[in-house]
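*Asks:* show me how the following folds:
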Amino acid sequence: MQQNKDGVQSLYKQFGLFNLLLLLSVSSLSAGSFEDFKRTQNREFASYKDKRDAAFSNYLKAQWEEYNAKNSKPLYEKQKPKSTLKTVQKRVISVGPIIKIRIKKPKKTIKEPTIQQPKIQQPVEKKIIVKKESIIEKKPVVKKEIITLKKEKQKVQKQPEKVIITQKKDINLRFFGQDIGLDIDENFKSARFYPRSQEGISNYFNALAGSEYENTLNDILRIKKELNLNDWGVYLLLNTLSSALYYDSDEAKLFTWFFFNKLGYSVKVGLHAKHVVLMHYSDKIIYSTPRYTFNKKKYYVVSNYAKGSAGKVYTYKQEYPDATKALDLSLKTLPNFKKDLITKRVSFKEFGKEFHTTYKYDKNLIDFMATYPQADYETYFNAPMSDETYLSIANDIKNYIDGKKSSEGINFVLNFVQKAFKYKTDQQQFGREKVMFADETLYYDKSDCEDRAILFSYLIKELFGISVIGVKYKDHMATALYIPMKGDSVKAGRREFVIADPTYINANIGQSMPKYKNKIPESFIIVKR
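*Replies:* Below is the predicted model of the structure:
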C-alpha cells in the first residue's frame with residue numbers, strides 16, 4: 001500500500017495533476033476500444049458511397065454558430081378546472097328520424113407481420129402438377145390423393161400467417177410486442193463521439209458514412225412498411241435500435257440523426273455543454289417543447305418535451321442534401337403491432353337504468369400512444385380507433401338506441417362519455433399536459449375535457465355520420481354538432497353548430513356550461529369525416 005502511495009506521489013511531481021488526470025482518462029479505455037477509435041479516425045479519409053456525404057462532412061467542419069432555444073407555448077393559457085360541473089338531468093326533446101345504426105365493417109384487416117416460407121411451399125406446387133395429370137387420367141385411386149393434397153396445401157398456406165418476424169439478423173429487438181431483426185455493420189459499434197466537440201460529431205458522421213449502412217437502412221424501411229409505422233413510429237424504432245447499440249446517449253442520438261437524414265428527414269444536431277442535442281423539423285407546432293429556428297424553419301428537441309429548455313446550442317445552418325421532410329405526428333392509420341388484447345367493462349346509469357359495454361383494448365397500441373409528445377389537436381381528433389375496441393362499443397350502443405329518435409340516440413352517446421369515466425386533469429394524473437387518443441380515454445379510468453371531446457367526436461362521426469367540431473376555450477374543450485336542434489351554439493365559418501359538452505355531467509345537447517355560455521371560443525378543431 002505504501003509503495004503505491006509513493007508511486008502516485010512520484011507521478012504528481014513528474015507530470016503534475018493535469019497530466020495525471022489525462023493519463024487516468026486514457027488508461028480507462030481498453031486496448032480494443034482504442035483500436036476501434038483509431039479505425040474510426042482513419043475512416044474519415046475513406047471514399048464516400050454517397051456523394052452527398054462528402055459535401056455535408058465539410059459543412060460539419062465549418063464554423064458553427066450559437067442559437068438560443070425558445071419554448072413553444074402550452075396548449076392552454078389557463079389551467080383547466082380541477083373538477084367538473086354537474087347539472088340536473090332532464091330528458092332531451094325527442095326529435096328527428098328513427099335511428100337504425102349501420103356499423104361499418106373495417107375496410108381491410110391488416111394481418112400481423114409474417115415471413116414467407118418458399119421452401120415449404122415448393123413441394124405443394126409440385127404435387128398440384130401431379131394432381132392435374134391425375135384428373136386427366138381420371139384414376140379413382142388418385143382422387144383420394146388429391147383430397148389429401150388439398151388439405152396439405154391449405155395447411156401450408158395458413159402456416160405463414162402465424163409466424164412472427166424472426167429472421168436471423170445481426171440484432172433482434174422487442175418493439176411494442178413485436179420481434180424485429182435488423183442487419184448491423186460491425187463498424188457501427190466502433191463509431192465514437194470523440195472528442196466531445198464539433199470534431200467528434202464530424203468523426204462519428206464519417207464513420208457511419210463509410211460503413212455498410214445500406215442494409216440497415218433497407219431493414220428500417222422494411223419494418224416501417226410491415227408495421228405500418230408513421231413518422232413517430234420510425235422515431236421510436238430508431239430510438240430503440242440506437243439505445244440497443246450504444247450505452248452513450250449522445251452516440252445514440254447521433255445514430256438516429258444519421259439515419260433520419262438518410263431517410264430524407266430534415267434533422268439537425270448541435271452541442272450544449274459537450275452533449276448532443278437532436279432537433280427535428282416540424283411544420284406544425286409541438287407544444288411544451290424547446291425549439292430552434294434555422295432559415296425560418298422550426299426544429300424541436302422532442303426528447304425534451306415537458307422537461308424545460310435545452311439551452312443554447314452550437315450547430316450548423318445547412319441541411320443534409322435532399323433531406324427536407326418534416327416530422328409528421330399525424331396518425332392516419334394505426335400501426336400493425338402484434339395484438340395484446342385486454343378486456344374492460346364500463347357502465348353508467350341513465351334515468352335509473354344501467355348501461356354497460358365490454359370491449360377489448362390493445363395494450364401494445366396504448367403503450368405506443370403513451371410515448372407521444374404534445375401534437376396539435378387535429379392529430380388526436382382525426383386519429384382512428386382500433387377496430388376491436390370500436391366494434392364492441394358500437395354494437396352495444398346500437399342495441400340500446402336503435403328504434404329511438406335521433407336526438408335521443410345522440411344524447412345517449414353524450415351521456416355515456418360524460419358519466420362512464422371519472423374526471424381528472426392531466427396535471428393531476430400525469431404531472432403534465434397529455435391529450436389522449438380515443439383508445440387511451442377508453443383505457444384510462446380518468447380523463448379530462450379534451451380527452452372526452454375526442455372520444456365523443458369519434459363515436460358521433462362514425463355512428464351517425466354527422467359533422468362535429470372541437471370547440472376550444474382558454475381553459476376548456478367542448479364539441480359542437482351540425483344538427484337542426486335548438487340550444488346554445490357557436491358559429492364556425494358560415495354554419496351554426498349546436499354545443500355538446502362531454503364534460504358537463506348530465507347536460508343535454510345544446511347546453512353549455514354557464515361559464516362559457518357567452519364566451520367566444522379561442523379556436524375550432526375540424527374533424528374530418
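*Asks:* helices of the stretch 201-350 of the chain, residue ranges please.
*Replies:* Using DSSP state H, counting those that start in this stretch, the helices of the stretch 201-350 of the chain run over residues 214-226, 231-245, 249-262.
*Asks:* could I have the longest one exported to PDB, CA atoms only?
*Replies:* Pointing back at helix 231-245 there. C-alpha atoms of helix 231-245 as PDB (Å, rounded to 0.1, in the frame of the first residue of the first chain):
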ATOM      1  CA  ASP A 231     -43.100   9.200 -38.600                       C
ATOM      2  CA  TRP A 232     -43.400   8.900 -34.800                       C
ATOM      3  CA  GLY A 233     -43.200   5.100 -35.100                       C
ATOM      4  CA  VAL A 234     -40.000   5.500 -37.200                       C
ATOM      5  CA  TYR A 235     -38.600   7.900 -34.500                       C
ATOM      6  CA  LEU A 236     -39.300   5.200 -31.800                       C
ATOM      7  CA  LEU A 237     -37.900   2.500 -33.900                       C
ATOM      8  CA  LEU A 238     -34.600   4.400 -34.400                       C
ATOM      9  CA  ASN A 239     -34.500   5.200 -30.700                       C
ATOM     10  CA  THR A 240     -35.000   1.600 -29.800                       C
ATOM     11  CA  LEU A 241     -32.200   0.500 -32.200                       C
ATOM     12  CA  SER A 242     -29.700   3.200 -31.200                       C
ATOM     13  CA  SER A 243     -30.300   2.500 -27.500                       C
ATOM     14  CA  ALA A 244     -29.500  -1.100 -28.000                       C
ATOM     15  CA  LEU A 245     -26.300  -0.300 -29.900                       C
END
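*Asks:* in it, what's buried?
*Replies:* 231-242, 245 (16 or more other CB atoms under 10 Å). From N, CA and C alone the C-beta is placed, and that goes for glycine too.
*Asks:* now swap in the first one and tell me
*Replies:* For helix 214-226, a neighbour-count test (16+ other CB under 10 Å) marks T216, D219, I220, I223, K224, E226 as buried.
*Asks:* export these as a markdown table, with columns for distance to R52 and pLDDT.
*Replies:* Shown next, in a markdown table, are those (distance: CB to CB, whole Å; pLDDT from 0 to 100):
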| residue | distance to R52 | pLDDT |
| --- | --- | --- |
| T216 | 18 | 97 |
| D219 | 21 | 98 |
| I220 | 18 | 98 |
| I223 | 24 | 98 |
| K224 | 21 | 98 |
| E226 | 28 | 97 |
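*Asks:* and the pLDDT at the residue nearest the centre of the chain?
*Replies:* By CA atoms, centre = their mean, the chain has its centre lying nearest to W232, at 4.2 Å. At W232, the predicted lDDT confidence score is 98.
*Asks:* ok, the residue nearest to it when sequence neighbours are not counted - contacts?
*Replies:* Sequence neighbours aside, L329 is the residue nearest to W232 in space, at 5.5 Å (criterion: CB to CB, 6 or more residues apart in numbering). Neighbour list for L329: N230, D231, W232, S282, K284, I286, Y372, P373, A375, D376, T379 [criterion: CB atoms under 8 Å, 6 or more residues apart in numbering].
*Asks:* likewise E450?
*Replies:* E450 neighbours (CB under 8 Å, 6+ apart): Y377, Y380, V435, M436, G470, K472, M477.
*Asks:* how much space separates F412 from I180?
*Replies:* As for F412, its distance to I180 is 43 Å (criterion: CB to CB, to the nearest Å).
*Asks:* so for the two, which sits in the more crowded spot?
*Replies:* Set F412 next to I180 and count neighbours by other CB atoms under 10 Å: I180 wins out with 25 against 17.
*Asks:* partner strands of the helix or strand hosting that one, with direction?
*Replies:* Following DSSP states H and E, one finds I180 within strand 178-182. For strand 178-182, the paired strands and their directions (DSSP bridges) are strand 171-175 (antiparallel).
*Asks:* how far is the partner strand from where the chain is centred?
*Replies:* The chain centre lies 17 Å from the centre of strand 171-175; the measure is CA atoms, centre = their mean, to the nearest Å.
*Asks:* quick one: buried residues of it?
*Replies:* For strand 171-175, by 16+ other CB under 10 Å, it's L173, F175.
*Asks:* as TSV, the buried residues of helix 214-226 with distance to Q418 would be great.
*Replies:* Formatted as TSV, the buried residues of helix 214-226 follow (distance: CB to CB, whole Å):
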residue	distance to Q418
T216	49
D219	47
I220	44
I223	41
K224	39
E226	40
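*Asks:* which one of the residues you listed is nearest A394?
*Replies:* A394 has its nearest neighbour among the buried residues of helix 214-226 in E226, at 28.6 Å by CB to CB.
*Asks:* picking up where we left off before, widest-spaced pair of the contacts of E450?
*Replies:* M436 and K472 (15.6 Å).
*Asks:* between those two, point out the one with more neighbours.
*Replies:* Higher neighbour count among M436 and K472: M436, with 24 against 20, using other CB under 10 Å.
*Asks:* how far away is P502 from K398?
*Replies:* 20 Å.
*Asks:* out of those two, which sits in the busier spot?
*Replies:* Higher neighbour count among P502 and K398: P502, with 31 against 16, using other CB under 10 Å.
*Asks:* who are the contact partners of that one?
*Replies:* P502 neighbours (CB under 8 Å, 6+ apart): L414, V417, Q418, C449, R452, A453, L455, F456, A478, T479.
*Asks:* tell me the domain boundaries of this structure?
*Replies:* 2-45, 65-74+166-315, 118-162, 341-526 (automatic domain parsing).
*Asks:* now tell me which of these the model trusts least on average.
*Replies:* domain 118-162 (a mean of 38).
*Asks:* residues touching I342, list them.
*Replies:* K360, Y361, D362, K363.
*Asks:* now these in a markdown table, with secondary structure, distance to R529 and neighbour count?
*Replies:* As requested, the contacts of I342 are exported to a markdown table (DSSP: H, G, I helix; E, B strand; the rest coil; distance: CB to CB, whole Å; neighbours: other CB atoms under 10 Å):
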| residue | secondary structure | distance to R529 | neighbour count |
| --- | --- | --- | --- |
| K360 | strand | 26 | 17 |
| Y361 | strand | 24 | 21 |
| D362 | strand | 25 | 25 |
| K363 | helix | 30 | 16 |
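*Asks:* and of these, the nearest to N518?
*Replies:* Using CB to CB, the contacts of I342 come closest to N518 at Y361, 39.1 Å.
*Asks:* give the contact list for the closest one.
*Replies:* Contacts of Y361 by CB under 8 Å, 6+ apart are L341, I342, K344, S386, E388, T389, D439, L442, Y443.
*Asks:* would you agree H272 is in contact with V313?
*Replies:* Yes - H272 lies in contact with V313 (CB atoms under 8 Å); the separation is 5.0 Å.
*Asks:* restrict stretch 482-498 to CA atoms and write it as CSV.
*Replies:* What follows is stretch 482-498, C-alpha atoms only, in CSV (Å, rounded to 0.1, in the frame of the first residue of the first chain):
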residue,chain,number,x,y,z
TYR,A,482,-74.1,20.4,-37.1
ILE,A,483,-77.7,19.3,-36.5
PRO,A,484,-81.1,21.0,-36.7
MET,A,485,-81.7,21.4,-33.0
LYS,A,486,-82.2,24.4,-30.7
GLY,A,487,-79.9,25.4,-27.9
ASP,A,488,-76.6,27.0,-27.1
SER,A,489,-74.5,27.2,-30.3
VAL,A,490,-71.3,28.6,-31.9
LYS,A,491,-70.7,29.8,-35.4
ALA,A,492,-67.8,28.3,-37.3
GLY,A,493,-67.5,29.8,-40.8
ARG,A,494,-71.0,30.2,-42.2
ARG,A,495,-72.5,27.3,-40.2
GLU,A,496,-74.1,27.2,-36.8
PHE,A,497,-73.1,24.3,-34.6
VAL,A,498,-75.0,23.2,-31.5
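*Asks:* sounds good, over and out.
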